[in-house]
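Peer 1: Kindly generate the corresponding structure for this input.
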Amino acid sequence: MLDTVKNAPVNGLDLAALGEVVEAIQADSSKGIVGFDVVTRWKGQTRSETTVTGFNIAGERVQRSHKIVADEPFELLGADTAPNPQELLMAAFNACITVGYVAGASLKGINLDSLEIRTKGELDLRGFLGLSDDVAPGYQNVDYEVVIKGDGSAADFEEIHQTVMKTSPNYFNMSRPIKMNGTLSVR
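Peer 2: Presented below is the predicted three-dimensional model:
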């Protein structure tokens, strides 16, 4: 696909720059290794603030500065000052696959008019509260709908949809178990 890349951006994406990134990673796979890390600190009640200070790409640190705030709604003992962790999880999923749809459309030369992803899930608080070992503390299912409009055909959009499900990191992360390697440090 990248051999047909145009010089003009499509949907705001610089396809020539994307082509250069792809070529660099194809030539040296170590350039495609990225590592992300965050630090979350409790700020009282159910509020937390997560700091993003950078990420690693191809063995080099890139400095960044972002803050992500989370809280719970009043009904779940929070102050409702920010989205809760479950909403942030869904937002992270939606944001990740959004990149895939935009990139996929752009690579096909499809100009998008709109893209909206609606995601929802339901969990049973009995699992979180430890009230029943028979109730999972998280989602059994997450439903999402992609509503996309642009100058591509239905077949084009279906192909993009299948590619996103095959290549999206957060689709992968949420659709399969991830081995979590936790440690505890008591100070």
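
Peer 1: hey, where'd the strands end up in the chain?
Peer 2: Using DSSP state E, the strands of the chain run over residues 34-36, 39-42, 48-57, 60-70, 112-121, 142-150.

Peer 1: Columns mean pLDDT and mean neighbour count on top of these, output as CSV?
Peer 2: All C-beta atoms are positioned from the backbone trio N, CA, C, and that covers glycine. Below are the strands of the chain laid out as CSV (pLDDT from 0 to 100; neighbours: other C-beta atoms under 10 Å):
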stretch, mean pLDDT, mean neighbour count
strand 34-36, 97, 10
strand 39-42, 97, 10
strand 48-57, 97, 14
strand 60-70, 98, 11
strand 112-121, 98, 13
strand 142-150, 98, 14
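
Peer 1: Please render those as CSV that adds distance to Asp134 to the earlier fields.
Peer 2: Output for the strands of the chain, formatted as CSV (distance: least, C-beta to C-beta, whole Å):
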stretch, distance to Asp134
strand 34-36, 35
strand 39-42, 30
strand 48-57, 29
strand 60-70, 28
strand 112-121, 19
strand 142-150, 21
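
Peer 1: Who are the packing partners of the lengthiest helix in the chain?
Peer 2: Ranked by number of residues, the top helix in the chain under DSSP state H is helix 85-107. If you count contacts as 3 or more C-beta pairs under 8 Å, 6 or more residues apart in numbering; DSSP states H and E, helix 85-107 packs onto helix 15-27, strand 60-70, strand 112-121, strand 142-150, helix 154-167, helix 169-175.

Peer 1: quick one, it and helix 15-27 angle?
Peer 2: Orientation check (axes from the mean of the first three to the mean of the last three C-alpha atoms, to 10 degrees): helix 85-107 against helix 15-27 gives 100 degrees.

Peer 1: and Phe93, which of the helices and strands packed on helix 85-107 is closest to it?
Peer 2: Using C-beta to C-beta as the measure, helix 169-175 is the one of the helices and strands packed on helix 85-107 that comes nearest Phe93, at 4.8 Å.

Peer 1: in the closest one, what counts as buried?
Peer 2: Asn170, Tyr171, Met174 (16 or more other C-beta atoms under 10 Å).

Peer 1: Low-confidence regions, the chain specifically.
Peer 2: 1-7 (pLDDT under 70).
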